[in-house]
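**Student:** only geometry, no sequence info:
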């Protein structure tokens, strides 16, 4: 059998297991105010299925044919009831990837925001001074992910069978605390990634 290795030259790498991952994109909205720059967050509505009540950035799932930035701008516009031209993109931030999803974050200046939001998806919005995050380290805790094979898992095919030494996966969870609120999870990871770039 012959193979065309020539077609592989210059190939851009993909991400293994991307097919099974939820792909989404978010905007980190920054607002210039008289007393400094603020980071805008939203609290997810209790009526939605995925992570109700969590603090997050505006964003959502990437639709077929969409580029991540298109998604981030579209979702932010829908959730914050703004027009896309109210967002001036500063940069693409580092991509977040774990076993269940890939998130493409973008930092952007948000101008002319009047505080409204889509009540179908958002319970409330609030802002935090950027200086606070730049001067405050997150609280760090750990959580362990436990692998639980299906009942019909073919243990006979792997060395050690049921006694196979699965690698431990211990994740660090970050918590930024602000006036009784906790920014944590993927949102905290994305925020820290942006802060590290800014530093």
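**Tutor:** Alright, I've got the coordinates. Everything numeric in this text was worked out from a predicted model, so none of it was measured.
**Student:** At which residues are the helices of the protein located?
**Tutor:** 68-80, 130-135, 185-198 (DSSP state H).
**Student:** mind listing what's buried in the shortest one?
**Tutor:** Looking back up the chat, that one is helix 130-135. For helix 130-135, the neighbour count (16 or more other CB atoms under 10 Å) marks 130, 133 as buried. Where C-beta positions appear, they are placed from N, C-alpha and C, glycine not excepted.
**Student:** Who are the packing partners of it?
**Tutor:** strand 36-44, helix 185-198 (3 or more CB pairs under 8 Å, 6 or more residues apart in numbering; DSSP states H and E).
**Student:** Sheet-wise, list the partners of the strand of greatest length in the chain with their directions.
**Tutor:** The single longest strand within the chain, with elements called by DSSP state E, is strand 22-33. Strand 22-33 has its sheet partners listed here by DSSP bridges as strand 36-44 (antiparallel), strand 59-61 (antiparallel), strand 101-110 (parallel).
**Student:** will you turn the helices of the chain into TSV that also has distance to residue 34 and mean pLDDT?
**Tutor:** Below are the helices of the chain laid out as TSV (distance: least, CB to CB, whole Å; pLDDT from 0 to 100):
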stretch	distance to residue 34	mean pLDDT
helix 68-80	21	97
helix 130-135	14	97
helix 185-198	21	95
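**Student:** Mind putting those into JSON lines with distance to residue 48?
**Tutor:** What follows is the helices of the chain, written out as JSON lines (distance: least, CB to CB, whole Å):
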{"stretch": "helix 68-80", "distance to residue 48": "11"}
{"stretch": "helix 130-135", "distance to residue 48": "26"}
{"stretch": "helix 185-198", "distance to residue 48": "15"}
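**Student:** Would you mind finding the most buried of the ones you listed?
**Tutor:** Highest mean neighbour count among those (mean count of other CB atoms under 10 Å): helix 68-80, with a mean of 21.
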